[in-house]
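Enquirer: curious how this folds, go ahead:
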Amino acid sequence: MGMRRRSFLKLGVFGACALAAGGAAYRLVRGPAPPGRFVLDGEARAALAAIVPAMLGSALPQDTGTRAAALDGAIAGVDTAIHGLPLAAQQEVQDLFGLLALAPARRFVAGVNDGWVGADPAQVAAFLQAWRTHRLATLQTAYLALHDLILGAWYADAAHWAAIGYPGPLPELSA
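Expert: Residues are numbered from 1 along each chain as shown. Purely as a prediction, here's the structure:
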């Protein structure tokens, strides 16, 4: 039992070092982000464009033109939602997208080899499911962050309320 625990700890330390090195390399290549503000750059946008359909599933329209507009709206909504978070949380989300954007880290933690633009939807859904049920709380938390941001942004739009039977806010009562 002792060797298995040691091996697990060594693997954990190695993984943490690899992720830290990946994050540092991403920041060196990308340059510093504007202070105190989340930036949804091209790689983060590409990751969202692959992840949003896997999260929303049949809630997204099937018609190609309508689907593209809905996907753009969902990504814009996520960006808006992130900007509403405290600065520390925005930085954590920025780090998550930095991790997903960096090719070695993306391959290691998400299993997406060829980039987000050509990512297979089944592969994206599988990585999300793996994160959702992973034994490491960090990956579960990352999944929950993506889930809450995407679904929160989607259903914050009144145009999507009818699909879930929400009639909208109650009219205010006059006193």
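Enquirer: can you tell me the element the residue positioned nearest the centre of the chain falls in?
Expert: By C-alpha atoms, centre = their mean, the chain has its centre lying nearest to Leu146, at 3.8 Å. In the assignment (DSSP states H and E), Leu146 maps to helix 137-156.
Enquirer: contacts for that helix next, please.
Expert: 48, 51-52, 55-56, 59, 74, 77-78, 80-82, 92-93, 96, 109, 128, 130-134, 160-161, 164, 166 (C-beta atoms under 8 Å, 6 or more residues apart in numbering). Yep, even glycine has a C-beta here, placed from its N, CA and C like the rest.
Enquirer: what are the ranges of the helices in the chain?
Expert: 2-30, 42-56, 64-83, 87-101, 103-105, 121-132, 137-156 (DSSP state H).
Enquirer: CSV for those, including mean pLDDT and distance to Asp114?
Expert: Output for the helices of the chain, formatted as CSV (pLDDT from 0 to 100; distance: least, C-beta to C-beta, whole Å):
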stretch, mean pLDDT, distance to Asp114
helix 2-30, 60, 18
helix 42-56, 94, 11
helix 64-83, 94, 20
helix 87-101, 91, 14
helix 103-105, 88, 9
helix 121-132, 94, 10
helix 137-156, 95, 20
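Enquirer: just those: most buried one?
Expert: Scoring the helices of the chain by mean neighbour count under mean count of other C-beta atoms under 10 Å gives helix 42-56 as the most buried, with a mean of 20.
Enquirer: can you check what angle separates that one from helix 137-156?
Expert: Interaxial angle of helix 42-56 relative to helix 137-156 (axes from the mean of the first three to the mean of the last three C-alpha atoms, to 10 degrees): 80 degrees.
Enquirer: what angle do helix 64-83 and helix 42-56 make with each other?
Expert: Angle of helix 42-56 versus helix 64-83, following the same axes, to 10 degrees, is 110 degrees.
Enquirer: neighbouring contacts of helix 42-56?
Expert: Counting by C-beta under 8 Å, 6+ apart, 40, 60, 71, 74-75, 78, 97, 100-101, 112, 115-117, 119, 121, 124-125, 128, 146-147, 150-151, 154 sit against helix 42-56.
Enquirer: picking that back up, now the helices of the chain in JSON lines, with distance to Pro171?
Expert: Converted to JSON lines, these look like this (distance: least, C-beta to C-beta, whole Å):
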{"stretch": "helix 2-30", "distance to Pro171": "48"}
{"stretch": "helix 42-56", "distance to Pro171": "29"}
{"stretch": "helix 64-83", "distance to Pro171": "25"}
{"stretch": "helix 87-101", "distance to Pro171": "33"}
{"stretch": "helix 103-105", "distance to Pro171": "49"}
{"stretch": "helix 121-132", "distance to Pro171": "38"}
{"stretch": "helix 137-156", "distance to Pro171": "20"}
